[in-house]
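> Fold the following for me, if possible:
(2 chains)
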Amino acid sequence: MARKSTTQQVLVSTIGAWFFGFLIFFPILWMVLASFKTELEAFAIPPSFLFFHWTTENYATVQERSDYFHHALNSVIIAGGSTLIALLIAIPAAWSMAFSPTKRTKDILLWMLSTKMMPPVGVLVPIYLIFKNFGLLDSRIGLVFILCLGNLPIVIWMLFTYFKEIPRDILEAARMDGATIGRELVYVLTPMAIPGLASTMLLNLILAWNEAFWTLNLSTSEAAPLTTFIASYSSPEGLFWAKLSAASTLAIAPILVLGWFSQKQLVRGLTFGAVK
Amino acid sequence: MKQFLGAVCGASVLLAVPAMAETTLTIATVNNGDMIRMQGLTAEFTKKNPDITVKWVTLEENVLRQRVTTDIATKGGQFDVLTIGTYEVPIWAKKGWLVPLANLGADYDVADLLPKIKDAVSADGKLYAAPFYGESSMVMYRTDLFDKAGLKMPEKPTWDFVIDAAKKLTDKSAGTYGICLRGKAGWGENMAFLSAMANSYGARWFDEKWEPQFNTPEWKATLTTYVNLMKDAGPPGASSNGFNENLALFNAGKCAMWIDATVAASFVTNPKDSKVADKVGFALAPNTGLGKNANWLWAWNLAIPAGSKKTEAAEKFIAWATSKDYTKLVAAKEGWANVPPGTRTSLYQNPDYLKVAPFAKLTLASIDAADPNKPTVKPVPYVGVQYAAIPEFQGIGTQVGQQFSAALAGSMTVDAALTAAQSVTEREMKRAGYIK
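Numbers count the residues shown, from 1 in each chain, chains lettered A, B, ... in the order given. Model (predicted):
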């Protein structure tokens, strides 16, 4: 009896998981399907699910009209660069706060997070003026900086919680075995923190990849990443759904593939924590 | 850290220095079909001007507006040529954000520009932008459905006729609706249509002293008629329909009438996109006999921001893209049906164009019937037909649009929507200092 109910439970939860998985994935699937339709079919009511005239003409149009690889390269540089710098700053910051907290640590953490509590448009004009005066408008370096600063609080918070979970007893045990601080860092702490680091990195990469406010407002053509590439395909006059879908599919493809390959690390980092 | 920052700033300054050998123009534009075509023809311009290279920044209308406004307000100098609407031109010209266009060349023929469109892009007698394409709005209707019902569309229909016909042509069981109109909230969406409709009912946004007028019987008549008409003869879910949604409905054969931008005429008559391409007729936007039709006036224009350091090259480009020769170039490459409409008188005298564009006569008549300087029956202190060209209008228009969209959806009564519109507008106008 017990066994039967377990099988049923497994069945129900499996079906449930697939159902919700499909539900969450559906908009992306719909976008990919729409990218293979003609404009008229993409707009048709009732919509056709699979039985329509498949075409790749939207991809050809998108390729002809804009330089995908230029934008994709900018996205890689901006998202990658900002993630790397954010990690370089965040790891020591989170490390010190997790392992030698003072009575102000909590305040500092909250203060960092408070910078995320204002909508970015509130500081658009001052930032724009700073960028203009430093000649950073439409430069990749400028965008790397602004995205790095924007995501830093989240990165520090995430890393802080991961580091916090590493018990101090393990460090003490290592010390009793005669490990120096260097060895302690490299052989004890780092391996335990890797899943946390990996998931933080991936999340930050996705956030930076999708960031559409600063990238749209501070770039024109040279440094324009994929967000501007997408924004150029919707139109108030005329049909554009299929072309926009094709552009969006192209834009999410690289990050989707990256997510696929690092899924294992991400799930482990997000659900298990550093030492469980 | 300081060294690092210094190095980064230094490197970025080096990166920001442009190549000196040639002038690079950065052109910001919306991605409507005519602009995309212009982008495709860039090589023809650079062939004639080998010392100029052109970079395009194409963005969706609202994103572009925000992007360009930030840059121009801070004198960021990121763009050399901007695509802006007739709404922005007078406001930006007044603020000194645009360079007047005085050197468009001897053969540009400014006198050939349609007078109403030229008025819309001029301030104090100076041209601040060159119109790239212009549009008004008109009635597009299904000739087959009208014939079947024994109705005949007059060239200048009244609202009474349109309402009556819409009711007769509605067959909800067959999925055909008498009329499709904009309902989606936004100053450029439902408010473009409703402001123009209100003009035909004798209403106005503000009186001569900038007092909002939503508490007048004219506005009540406008909104009541609109909501009732859409309830009786409109498609379901009309409160979320904008231009594109209605275009899709009309092209799929679901609407007997559609009142919207004249530029739609070439979409609905294109057999590749439309199921009803050979069954569409055109008429002027409806009136109530007060002397104003329910049609608007809009143009997308090219202008030079005051922050640009390449005004000479920019003006060369603008002269090229809005010239008669450009029209001929598009006609030679893509056919007369694809030339940008609504800016030059000569286009409407061109027999080749008139042959392929059955809607040309009505487009011209519609543009001529709209007067941005005298948009309403009663006098008003603002310029603009379906908008008031003041910086505050975007915000106010969208908030009022939300109330009217709610009235259409049935979540609010007409009276409540008008009261809310009046108080929103009063509040914003007081805050901006127009009224006390």
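> show me the contacts for the residue of the stretch 301-436 of chain B found nearest chain A.
Nearest residue of the stretch 301-436 of chain B to chain A, counting by CB to the nearest CB: B:G307, 9.5 Å away. C-beta coordinates here come from the backbone N, C-alpha and C atoms, glycine included. Shown in contact with B:G307 (CB atoms under 8 Å, 6 or more residues apart in numbering or on different chains): B:D71, B:I72, B:K75, B:G76, B:G77, B:Q78.
> Get me the contact residues on the stretch 201-350 of chain B for chain A.
B:242-244, B:247-249, B:251-252, B:261, B:263-264, B:267, B:273 (CB under 8 Å from any CB of the partner chain).
> So for the closest residue to chain A within the stretch 201-350 of chain B, what's the nearest residue that isn't a sequence neighbour?
Proximity of the stretch 201-350 of chain B to chain A (CB to the nearest CB) peaks at B:A248, 4.1 Å away. Distance criterion CB to CB, 6 or more residues apart in numbering or on different chains; nearest residue to B:A248, sequence neighbours excluded, is A:F43 at 4.1 Å.
> related to what we said a few turns ago, can you confirm the residue of the stretch 301-436 of chain B closest to chain A is in a helix?
No: looking at B:G307 with DSSP: H, G, I helix; E, B strand; the rest coil, it is coil, so not inside a helix.
> okay if I get the contacts of B:G307 as CSV plus secondary structure?
Output for those, formatted as CSV (three-state DSSP):
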residue, secondary structure
B:D71, helix
B:I72, helix
B:K75, coil
B:G76, coil
B:G77, coil
B:Q78, coil
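> Taking those, please make a ChimeraX selection of just the buried ones.
Command for ChimeraX that selects the buried part of the contacts of B:G307, burial taken from 16 or more other CB atoms under 10 Å in any protein chain shown:
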select /B:71,72,76,77,78
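> Which members of the contacts of B:G307 additionally contact chain A?
Within the contacts of B:G307, those near chain A by CB under 8 Å from any CB are B:D71, B:K75, B:G76, B:G77, B:Q78.
> Where does the prediction get shaky in the chain?
Here I'm looking at chain A. A:1-5, A:45, A:236-238, A:265-266, A:268-276 (pLDDT under 70).
> The intended chain is chain B.
Residues of chain B that meet the cut-off, pLDDT under 70, sit at B:1-21.
> Contacts only, for A:L113.
Per CB under 8 Å, 6+ apart, neighbours of A:L113: A:P153, A:W157.
> quick revisit: farthest-apart pair in the ones next to chain A among the contacts of B:G307, please.
Using CB to CB, the two most remote members of the ones next to chain A among the contacts of B:G307 are B:K75 and B:Q78, lying 10.0 Å apart.
> Any idea how many residues pack against residue 206?
Reading this off chain A. By other CB atoms under 10 Å in any protein chain shown, the residues close to A:I206 number 18.
> right idea, wrong chain: chain B
Neighbours around B:F206, by other CB under 10 Å: 19.
> how near is B:G401 to B:P235?
Distance, B:G401 to B:P235, using CB to CB, to the nearest Å: 19 Å.
> Which positions in the stretch 101-250 of chain A make contact with chain B?
So the stretch 101-250 of chain A meets chain B at A:124-125, A:128-129, A:132, A:134-139, A:141-142, A:145, A:216-217, A:220-221, A:224, A:228, A:231-240 (CB under 8 Å from any CB).
> Let's see which of those residues end up in helices.
A:L124, A:V125, A:Y128, A:L129, A:K132, A:I141, A:G142, A:F145, A:L216, A:N217, A:T228, A:A231 (DSSP state H).
> now those residues in a markdown table, with neighbour count and distance to A:G16?
Converted to a markdown table, those look like this (neighbours: other CB atoms under 10 Å in any protein chain shown; distance: CB to CB, whole Å):
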| residue | neighbour count | distance to A:G16 |
| --- | --- | --- |
| A:L124 | 17 | 43 |
| A:V125 | 12 | 48 |
| A:Y128 | 20 | 48 |
| A:L129 | 14 | 52 |
| A:K132 | 18 | 53 |
| A:I141 | 20 | 47 |
| A:G142 | 26 | 46 |
| A:F145 | 24 | 44 |
| A:L216 | 20 | 38 |
| A:N217 | 22 | 42 |
| A:T228 | 25 | 39 |
| A:A231 | 23 | 37 |
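> Among these, give me the pair with the biggest separation.
Greatest spatial distance among those (CB to CB): A:L129 and A:A231, at 23.0 Å.
> give me the number of residues near A:P46?
When neighbours are counted by other CB under 10 Å, A:P46 registers 5.
> Let me know the helix or strand that it is in.
Per DSSP states H and E, A:P46 falls between elements, in no helix or strand.
> Show me where chain B has its strands.
Listed in chain order, the strands of chain B (DSSP state E) span B:23-30, B:52-59, B:81-85, B:122-123, B:126-127, B:130-142, B:257-261, B:280-284, B:297-303.
> for residue 74, what are its contacts?
Just so you know, I chose chain A. Taking CB under 8 Å, 6+ apart as the test, what A:N74 contacts is A:R140, A:S219, A:A223, A:A224, A:P225, A:L226.
> oops, chain B please
So B:T74 contacts A:V125, A:Y128, A:L129, A:K132 (CB under 8 Å, 6+ apart).
> Not counting its neighbours along the chain, what's nearest the third one?
Spelled out, it's A:L129. Closest to A:L129 by CB to CB, 6+ apart is B:T74, at 5.5 Å.
> For B:A238, which non-adjacent residue is closest in space?
B:G183 (4.2 Å).
> Just give the number of residues close to the one you found.
28.
> For chain A, see how far away it is.
As defined by CB to the nearest CB, to the nearest Å, B:G183 lies at a distance of 15 Å from chain A.
> Distance of that residue relative to B:A248?
To B:A248, B:G183 is 14 Å away according to CB to CB.
> Could you do B:K324 as well?
Taking CB to CB, one finds B:K324 at 34 Å from B:A248.
> more neighbours, those two?
Of the pair B:K324 and B:A248, B:A248 is the one with more neighbours under other CB under 10 Å, namely 22 against 15.
> Need the contact partners of stretch B:379-398.
By CB under 8 Å, 6+ apart, stretch B:379-398 touches B:86-87, B:90-91, B:120, B:185-188, B:191-193, B:195-196, B:199, B:204-210, B:295-298, B:370-373, B:375, B:424-425, B:428-429, B:432, B:434.
> Could you look up the SS state of A:L256?
From three-state DSSP, the assignment for A:L256 is helix.
> Find the centremost residue of chain A, please.
Among the residues of chain A, the one closest to the centroid is A:I206, at 1.4 Å (CA atoms, centre = their mean).
> what's the closest non-adjacent residue to it?
A:I255 (6.1 Å).
> can you count the residues close to that neighbour?
Quick note: A:I255 (other CB under 10 Å) scores 19 neighbours.
> In this structure it contacts A:L205, no?
Yes: contact status for A:I255 versus A:L205: in contact at 7.3 Å, counting by CB atoms under 8 Å.
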